[in-house]
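# no FASTA, just this:
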């Protein structure tokens, strides 16, 4: 059996798993943004018919899974494993979704890097013949996240310009064996990196060092560079974090130029007043499930690096004087035609 | 390549990963219990030299990893992946431990089933040749957990007889290729099961249905039964949950008898006044790392099923009228001589 790790932190898959289906569900604000045509469902209000935002978030996640299954005519019983997480304490959106779905479940917590964590583990399980069909899914919700991590939205707290807007949305990706189409050919597992940021309204700066570390690590482990990719896209660094990450990466001699973008910059229009841009597990998920994979299928991009970026923010540890560590994981997605 | 899934939810490993090292660190109360001789380190007070219980919990986790590495003379740089989680919001004990260790990290959340979740994913990664050395580790801390999920200990809140005592402790397990000694030969990934329990002082009843479901599923998937095991041991069902789970399993025709026990019953002596018994991620971890694996190496047990049991309790969703779903994952450990 060939050893599949390459370099210090990366994996090359023998039988790159195929992304056989995706679905995205977003809130009204995301549905007014520049990517509105790429989402599968835009809900009309953030409660989605539920009595609490938390219940709505779990329902959005379930809805994304339902649509992803429907697109490829798979039943829940045909899915071997549900790899999911979210930002809420005890990852309740994922737990309750798993209960309703009845699919064997591993809960993950990688903050906003959770989707890519799920894609890496899911790819290992498919590539290694431990499973046939796996769903990786995540959610976030503006109102549940702001209430838990910062201030309840109703308080009307002033948001600084470094603040990002937590995306209301969920994305679900089904992985399986397959030949043609977008396939996950490699991955890099990140380390926790902490540059000492303590401002929970500046998540981009907290995550940028981890994003840079993982992207550089992928280049080194796989002996590649920016020229080998059509796009390198981070999850939710937004304006400030993306600028910082680009500086850190280019300082190491890798010139990213226009090939580097961020889902948090793609999802909203500046006129939507989100300040630095989007954030949350749902941010990278809905942009990946819609715009990014659509662009691969249409031939715009042949090979991309998707880098999930997570700020391991805890309101409690902040009060105890701790800084906000970041983590980033990467998958390489290539379109086979 | 042989397909490694068996039945609906189980895996049989081609090259069962070996448990090459373990370490356990516990608090003073656990250090006075019947298993005190089996722990690697008993800390003298629950703060462990730190200014907060949360910082102490992360330090305990780091200490368990340090001892496990030292026992086999491995450096942190030789570990490919750190699979860890805990009970705190945003799994901060694991995050900060990962930051200090500098090992590539996947955060997991499976409540008190997290250790077994990590062992399953770690075994897949070793068995499938994606990694050489992996650490699976978890922690819990009586004071951090009680404060977060119920009442701060200082309030002196009356505990009902169904209540369990969250273990202060951390366990770390290093997995690698190997021939002789305890090896993980199989696994069953659980589903979320919910019988509608809403009492956060009765975690055992909330988890029992999931434990029963996973144990029965393992028997059916692998065409085995209680006679094929020397011991079937759950993580932290304690007195009430273990009794319930045993009833549910025996109702399906599998007579467990004396072969069934629970880490939450093993860790404390009834005179320690913990009511139903122990609980927490640390409960199954320190009992496994010490007593259970010692008993395998000494020849007392040749083949055991270790079932991590998690109550997906959220103080927020309880207030919103939700019940407490349970989840359980199993690994089969066999001693090769």
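Yep, that arrived. Remember, it's a predicted structure, so these values are computed and weren't measured experimentally.

# which bits of the stretch 151-300 of chain A sit near chain B?
Contacts of the stretch 151-300 of chain A with chain B, taken as C-beta under 8 Å from any C-beta of the partner chain, map to A:189, A:190, A:191, A:192, A:193, A:194. Placement of C-beta: from N, CA and C, glycine included.

# Helices of the stretch 1-150 of chain A, start to end?
A:53-71, A:92-101, A:114-127, A:142-149 (DSSP state H, counting those that start in this stretch).

# Of all those, which one is nearest residue B:27?
The closest of the helices of the stretch 1-150 of chain A to residue B:27 is helix A:92-101. By C-beta to C-beta, the value is 27.7 Å.

# check contacts around residue A:149.
Applying C-beta atoms under 8 Å, 6 or more residues apart in numbering or on different chains, we find residue A:149 in contact with A:87, A:200, A:313, A:315.

# Can you pull out the low-pLDDT segments for the stretch 201-337 of chain A?
Scanning the stretch 201-337 of chain A for pLDDT under 70 picks out nothing.

# where do the helices sit along it?
For the stretch 201-337 of chain A, the helices defined by DSSP H, counting those that start in this stretch cover A:203-222, A:238-251, A:263-266, A:281-287, A:293-297, A:315-319.

# Make JSON lines out of the ones you listed and add mean neighbour count and distance to residue A:166.
As requested, these are exported to JSON lines (neighbours: other C-beta atoms under 10 Å in any protein chain shown; distance: least, C-beta to C-beta, whole Å):
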{"stretch": "helix A:203-222", "mean neighbour count": "26", "distance to residue A:166": "9"}
{"stretch": "helix A:238-251", "mean neighbour count": "21", "distance to residue A:166": "11"}
{"stretch": "helix A:263-266", "mean neighbour count": "26", "distance to residue A:166": "10"}
{"stretch": "helix A:281-287", "mean neighbour count": "36", "distance to residue A:166": "8"}
{"stretch": "helix A:293-297", "mean neighbour count": "18", "distance to residue A:166": "22"}
{"stretch": "helix A:315-319", "mean neighbour count": "16", "distance to residue A:166": "14"}
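
# Can you say which of the ones you listed is nearest to residue B:39?
It's helix A:315-319; of the helices of the stretch 201-337 of chain A, that one is closest to residue B:39 (C-beta to C-beta) at 26.9 Å.

# Point me to the residue of chain A nearest chain B.
Closest to chain B within chain A is residue A:128: 3.5 Å, counting by C-beta to the nearest C-beta.

# Reformat the residues of the stretch 151-300 of chain A next to chain B as a markdown table; add neighbour count and distance to residue B:246.
Listed next are these as a markdown table, based on neighbours: other C-beta atoms under 10 Å in any protein chain shown; distance: C-beta to C-beta, whole Å:
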| residue | neighbour count | distance to residue B:246 |
| --- | --- | --- |
| A:189 | 29 | 40 |
| A:190 | 31 | 43 |
| A:191 | 22 | 43 |
| A:192 | 26 | 41 |
| A:193 | 20 | 47 |
| A:194 | 19 | 46 |
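
# before we move on, back to that, tell me which two of the contacts of residue A:149 sit farthest apart.
Largest pairwise distance in these, by C-beta to C-beta, is 12.6 Å, between A:87 and A:200.

# quick one: which of those two has more around it?
Comparing residue A:87 with residue A:200 by other C-beta atoms under 10 Å in any protein chain shown, the one with more neighbours is residue A:87, at 28 against 16.

# got CSV for the contacts of residue A:149, with distance to residue B:295 too?
Formatted as CSV, those follow (distance: C-beta to C-beta, whole Å):
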residue, distance to residue B:295
A:87, 40
A:200, 47
A:313, 42
A:315, 42
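
# thinking again about what came up before, could you identify which of the helices of the stretch 1-150 of chain A is most buried?
helix A:114-127 (a mean of 28; mean count of other C-beta atoms under 10 Å in any protein chain shown).

# how much does that helix deviate in direction from helix A:92-101?
40 degrees (axes from the mean of the first three to the mean of the last three C-alpha atoms, to 10 degrees).

# quick check: mean pLDDT across helix A:114-127?
On average, the pLDDT along helix A:114-127 is 98.

# got the contact list for the nearest residue to residue A:244 once chain neighbours are set aside?
Using C-beta to C-beta, 6 or more residues apart in numbering or on different chains and skipping residues adjacent in sequence, the residue nearest residue A:244 is residue A:208, 3.8 Å away. Applying C-beta under 8 Å, 6+ apart to residue A:208 gives the contacts A:195, A:237, A:240, A:241, A:242, A:244, A:245, A:248, A:326.

# mind redoing it with 10 Å?
Contacts for residue A:208 were tallied using C-beta atoms under 10 Å, 6 or more residues apart in numbering or on different chains; they are A:193, A:195, A:197, A:202, A:234, A:237-238, A:240-249, A:309, A:311, A:326, A:328.

# and if you look at residue A:102?
Applying C-beta under 10 Å, 6+ apart, the residues near residue A:102 are A:76, A:77, A:79, A:82, B:191, B:192, B:193.

# Kindly reformat the residues you listed as a markdown table containing pLDDT.
Formatted as a markdown table, these follow (pLDDT from 0 to 100):
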| residue | pLDDT |
| --- | --- |
| A:76 | 97 |
| A:77 | 97 |
| A:79 | 98 |
| A:82 | 98 |
| B:191 | 98 |
| B:192 | 98 |
| B:193 | 98 |
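
# Number of residues surrounding the closest residue to residue A:256 other than its chain neighbours?
Nearest residue to residue A:256, sequence neighbours excluded (C-beta to C-beta, 6+ apart): residue A:226, at 5.2 Å. Residue A:226 has 20 neighbouring residues, counting by other C-beta under 10 Å.

# rewinding a little: shared neighbours, residue A:87 and residue A:200?
Joint contacts of residue A:87 and residue A:200 (C-beta under 10 Å, 6+ apart) are A:149, A:311, A:313.

# coming back round to it: would you convert the helices of the stretch 1-150 of chain A into TSV that also reports distance to residue A:3?
Converted to TSV, the helices of the stretch 1-150 of chain A look like this (distance: least, C-beta to C-beta, whole Å):
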stretch	distance to residue A:3
helix A:53-71	32
helix A:92-101	32
helix A:114-127	13
helix A:142-149	40
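
# how about these, which one is nearest residue B:170?
Once the helices of the stretch 1-150 of chain A are compared by C-beta to C-beta, helix A:114-127 is nearest, at 21.9 Å.

# okay, the angle between that closest one and helix A:203-222?
30 degrees.
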